[in-house]
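> generate a structure from the sequence data that follows.
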Amino acid sequence: MLARGFRFLVESERHRCRVGENVRGNRSQTISEGVLLQLAAVDHERVLGDGTGLSGKVHVGAKRISVHFRYRYRYRGQHREMPLGAWPRDRLADIRLRLEETKLRVLHRISE
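Sure thing, here's the model as predicted:
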């Protein structure tokens, strides 16, 4: 649930942003079902992040909006990305579970 005191909508360059995020800015947000449900066609190709390494790229199709999630990390000195799933096909809770599993695998030095 969203905390009180946040500005829910911010106008900037014909885009609407939610929950304290900036367009092309560095502020992070918590990715939640509510934020995902409010995505619109103007959010196409936008990258959502929550500051934990989880990021999602918004794709607008003919029938629906989807968000493809990835986890970016370093393993043995190299940058790597692990796909975690696509919302709404996969539940956000399942994506976060895969994120935690991947973090544990990286921590214990188990490669893909």
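
> show the contacting residues for residue 98.
Counting by Cβ atoms under 8 Å, 6 or more residues apart in numbering, residue 98 makes contact with 84-85. The way it works is simple: take the backbone N, C-alpha and C, and place the C-beta from them, glycine included.

> check for me that it belongs to a helix.
Yes: under DSSP: H, G, I helix; E, B strand; the rest coil, residue 98 falls within a helix.

> how near is it to residue 83?
9 Å (Cβ to Cβ, to the nearest Å).

> student question: in the protein, what's the helix or strand with minimum average pLDDT?
Sorting the helices and strands of the chain by mean pLDDT, DSSP states H and E puts strand 9-12 at the bottom, at a mean of 38.

> host element of the nearest residue to residue 89 once chain neighbours are set aside?
Nearest residue to residue 89, sequence neighbours excluded (Cβ to Cβ, 6 or more residues apart in numbering): residue 66, at 7.1 Å. Secondary structure assignment for residue 66, by DSSP states H and E: strand 65-75.
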